[in-house]
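Student: Mind looking at a prediction? Sequence and model below.
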Amino acid sequence: MSERLGFLRGPNAEEALLVGWICLSVHALFVPVVALVPAAGYLVVVARAVIDGESALPRVAFGPLVGEGLVAGAIALAYGAVPLAVGTVTVSLATGSARALEGGASPFFLVGSTLTLFFVLAGLYVVPIALCGYARDGREAVTAPSFRVAGRAAYFVGWTSALVVLTAGALAGSVAGAVPLVGPLLASLCWWITALAATRRLAAGYREA
């Protein structure tokens, strides 16, 4: 575990942790969503550093982080909206069919729910490819990202590893959030460390693919 979190001991680790922690805490306590923009921007910078072969966390330059975060949000919306919309329409149609029929209609809802889960997972699998493509190649990769890495084992392993990290971080964040008084602050720090670790694993998988 200490080796996996070794990036937290780098020269820029303290400021990286502080900036991300503040952004997530402000998001949780005061200004939802807006405070996440620079945090998302820094995750793009982290992905770029990992793809370039750097092991330490990059320096924090707050100004460029806002622009990076806005672009990252736009990419996530652009490539994630279609799978989410298709999945939502699918489950809506299935639910309507189930209500229209009498008896034995539950399979319609089950099929619709399964397809929705599939489309959501597809979006979660594809969006990071577009984000890593932007981190590596810049804005020219936004309109035509290379999705060939989607079928490669290295990316799948990196994506799965990142998903495991996020799941474990979600559980740890939930426990930390239950602490009286300082729960939101502890949960924000836990979530930020999780986001950094997951981003590094995902970017490493993309780089190897």
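Tutor: Yes, it's here.
Student: quick one: the helices in this structure?
Tutor: For the chain, the helices defined by DSSP state H cover 13-29, 36-51, 62-100, 106-137, 140-143, 153-177, 183-208.
Student: Export the ones you listed as CSV, with columns for distance to residue 6, mean neighbour count and mean pLDDT.
Tutor: Placement of C-beta: from N, CA and C, glycine included. Output for those, formatted as CSV (distance: least, Cβ to Cβ, whole Å; neighbours: other Cβ atoms under 10 Å; pLDDT from 0 to 100):
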stretch, distance to residue 6, mean neighbour count, mean pLDDT
helix 13-29, 10, 18, 94
helix 36-51, 13, 22, 96
helix 62-100, 23, 16, 78
helix 106-137, 21, 18, 82
helix 140-143, 29, 13, 63
helix 153-177, 15, 17, 96
helix 183-208, 10, 21, 96
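Student: looking at the ones you listed, which is closest to residue 5?
Tutor: helix 183-208 (6.9 Å; Cβ to Cβ).
Student: related to what we said a few turns ago, turn the helices of the chain into JSON lines, columns for distance to residue 5.
Tutor: Below are the helices of the chain laid out as JSON lines (distance: least, Cβ to Cβ, whole Å):
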{"stretch": "helix 13-29", "distance to residue 5": "10"}
{"stretch": "helix 36-51", "distance to residue 5": "14"}
{"stretch": "helix 62-100", "distance to residue 5": "22"}
{"stretch": "helix 106-137", "distance to residue 5": "21"}
{"stretch": "helix 140-143", "distance to residue 5": "30"}
{"stretch": "helix 153-177", "distance to residue 5": "11"}
{"stretch": "helix 183-208", "distance to residue 5": "7"}
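Student: Thought residue 187 was touching residue 177, still the case?
Tutor: Yes: Residue 177 lies in contact with residue 187 (Cβ atoms under 8 Å); the separation is 3.6 Å.
Student: And residue 115, how far from residue 77?
Tutor: 22 Å (Cβ to Cβ, to the nearest Å).
Student: Actually, residue 128.
Tutor: 14 Å.
Student: cool, residue 50 as well?
Tutor: Noted for residue 50: a distance of 24 Å to residue 77, by Cβ to Cβ.
Student: Same check on residue 153?
Tutor: Residue 153 is 29 Å from residue 77, by Cβ to Cβ.
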